[in-house]
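Undergrad: Next one to model:
(chains A and B)
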Amino acid sequence: MKYYAPKGLYDIKPEDMPYWHAVEREVRSTMPLYGYEEIRTPIMEKTEVFARGVGEETDVVSKEMYTFEDKGGRSMTLRPENTASVVRAYLEHKFYGKEELSKWYYLGPMFRYESPQKGRSRQFHQYGAEAIGSSDPSLDAEMISLSTDLLRSLGLEEVGLTLNSIGCPEDRNNYVNQLVEYLEPEKDRLCNDCRARLDTNPLRILDCKEESCQKVVENGPEITDYLCSECQDHFDTVKGYLNQLGLDYQLDPKLVRGLDYYTKTVFEVFSSDLGAQDALVGGGRYDGLVELFGGDPTPAVGFAGGIERLVLLLEELERVEMKKNGLDIYLATLDEETKQTGMELVQELRNGGIRAEIDYLDKSLQGQLGYADRYGAEITAILGPRELTEGEITLRDMETGDQTTVSLDEFRSEITNRLDSES
RNA sequence: AGGAGCGUAGCUCAAAGGCAGAGCACUGGGUUGUGGUCCCAGUUGUUGCGGGUUCGAUUCCCGUCGCUCCUCCCA
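TA: Got it, this is the predicted structure:
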């Protein structure tokens, strides 16, 4: 084979579509229930939008960006996530002057340049929501409840929710200082990556999978002990709302997440039925991001979920009904003359909202009936020279095999009646 | 970036140095104009690509491309 899709990019084939449609349908119907409106931002931005917004030291920016130069010599990047773009759009269109609270959702492709594996590709798809303009803990709880509600609506009950608060920047500074102070003497027991992180991004050491690092971190300080009273209150209130909503969660003081912009609440939803890439949803509060982009200090919270991973689960659990093509009627013809009339009849049916097909492969009548059967036609209409000269057409019920003959004039109404009574 | 596994018919897979096969699918026939079950027959290949060893390579070796999974990190 000479041509294939670039590494990490792949085709979503017609046979996969029912799953994608199920997810998209659910997102589009659930988001408005919570008051979120759709926003669509471009799939690429100037590189600095992500570099600044997401954070230079993050993995996403430092090694996973799909970056290239356009013809004007500008550095462009295919969006690795959507929050930075949404905040950029929020400020660009001055929404802070138009509405007190902006609640938006999105759905679309994201790009990260890394080795593909199960549940991870270079182009992948996310749905997500952002609420900009309120620091109220109820909004944090709403985000979490929205993200799990969506999964539940799709039939996924077996998901875990982990929760943490990483406080405000001051808390985090205090904590990071303590953490570095604690880790410095233990440096030798850390992996190479983590020794580097000690200088660049010490928080990331917390979720290093290396066993030795885990051991070191285990007895170290925990961020939740360094929250200021406001952040502590906020966190407690969020937990209170979650309890009120009956949402089970697991506190994980080591959950820090990979993007720099998070403050206070962070959460992840995961499934143990996935492979190594088990995170379904990730999100949190980002009270400093709008300001970082040059706006007034504006609190915000959001989440994003991966559609590929969701589709993987739905396929495994067979939660989505797979319908074959959905053909109402197949029109079999036997020669050129009947095909000409047949084309006209099929067109007429389609104009009337009936899914109809005719032979495109010059098949025998036997072959045509087989095709009609495989594609799930309820009725096959047979138009041969015999019928044509009589001004009639034969209707075969594909389930019972019963056949009747009707005049061509009655054809449309007879078909409509039959399809109505069967459905 | 690193590690492991895999590339044979449209699909799922056999052949472990000696004629490249089976099932499914497809086409035709049994049925002069009738599907699903059944029976009979037929079509289908640069064995990913390039080189090497050999009388002989799908098989062994080297390289290369691709895919998959994993480490890291995340959706």
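
Undergrad: which residues touch the residue lying closest to A:Glu38 once chain neighbours are set aside?
TA: Leaving aside its sequence neighbours, A:Glu38 sits nearest to A:Tyr105 (C-beta to C-beta, 6 or more residues apart in numbering; 5.7 Å). Yep, even glycine has a C-beta here, placed from its N, CA and C like the rest. Neighbour list for A:Tyr105: A:Val27, A:Met31, A:Tyr36, A:Glu37, A:Glu38, A:Ile39, A:Tyr127, A:Gly128, A:Ala129, A:Glu130 [criterion: C-beta atoms under 8 Å, 6 or more residues apart in numbering].

Undergrad: doesn't A:Arg396 make contact with A:Asp373?
TA: No: under the criterion of C-beta atoms under 8 Å, A:Asp373 makes no contact with A:Arg396, lying 10.5 Å away.

Undergrad: okay, those two: which has more neighbours?
TA: Counted by other C-beta atoms under 10 Å, A:Asp373 and A:Arg396 do not tie: A:Arg396 has more neighbours, with 19 against 12.

Undergrad: Provide the secondary structure category for the more buried one.
TA: Secondary structure assignment for A:Arg396 (DSSP: H, G, I helix; E, B strand; the rest coil): strand.

Undergrad: Look up the pLDDT of it for me, please.
TA: On pLDDT, A:Arg396 comes in at 96.

Undergrad: Could you report the distance from it to A:Asp149?
TA: Going from A:Arg396 to A:Asp149 by C-beta to C-beta, to the nearest Å gives 46 Å.

Undergrad: do A:Lys363 as well
TA: 49 Å.

Undergrad: Check for me that A:Val266 belongs to a strand.
TA: Yes: the assignment for A:Val266 (three-state DSSP) places it in a strand.

Undergrad: Could you give the bridge partners of it?
TA: Beta-bridge pairing of A:Val266 under DSSP bridges involves A:Asn164, A:Gly284.

Undergrad: what residues are up against it?
TA: Contacts of A:Val266 by C-beta under 8 Å, 6+ apart are A:Leu163, A:Asn164, A:Ser165, A:Ile166, A:Leu255, A:Val256, A:Arg257, A:Gly283, A:Gly284, A:Arg285.

Undergrad: can I assume A:Thr162 sits in a helix?
TA: No: checked against three-state DSSP, A:Thr162 lies outside a helix; its state is strand.

Undergrad: Check the secondary structure at the closest residue to RNA strand B within the stretch 251-400 of chain A for me.
TA: Scanning the stretch 251-400 of chain A for proximity to RNA strand B using C-beta to the nearest atom of the strand identifies A:Gly258 as nearest, at 2.1 Å. Recorded secondary structure, A:Gly258: coil (three-state DSSP).

Undergrad: I'd say it and A:Leu203 touch.
TA: No: counting by C-beta under 8 Å, A:Gly258 does not reach A:Leu203; the two are 9.5 Å apart.

Undergrad: Would you agree A:Lys339 is in contact with A:Leu345?
TA: No: between A:Lys339 and A:Leu345 there is no contact under C-beta under 8 Å: 10.3 Å.

Undergrad: more neighbours, these two?
TA: Each of A:Lys339 and A:Leu345 has its neighbours counted (other C-beta under 10 Å); A:Leu345 has more, 22 against 18.

Undergrad: give me the element the more buried one is part of.
TA: helix A:336-351 (DSSP states H and E).

Undergrad: Can you tell me the element A:Glu45 falls in?
TA: Using DSSP H and E, A:Glu45 falls in strand A:44-46.

Undergrad: Thanks a lot, see you next time.
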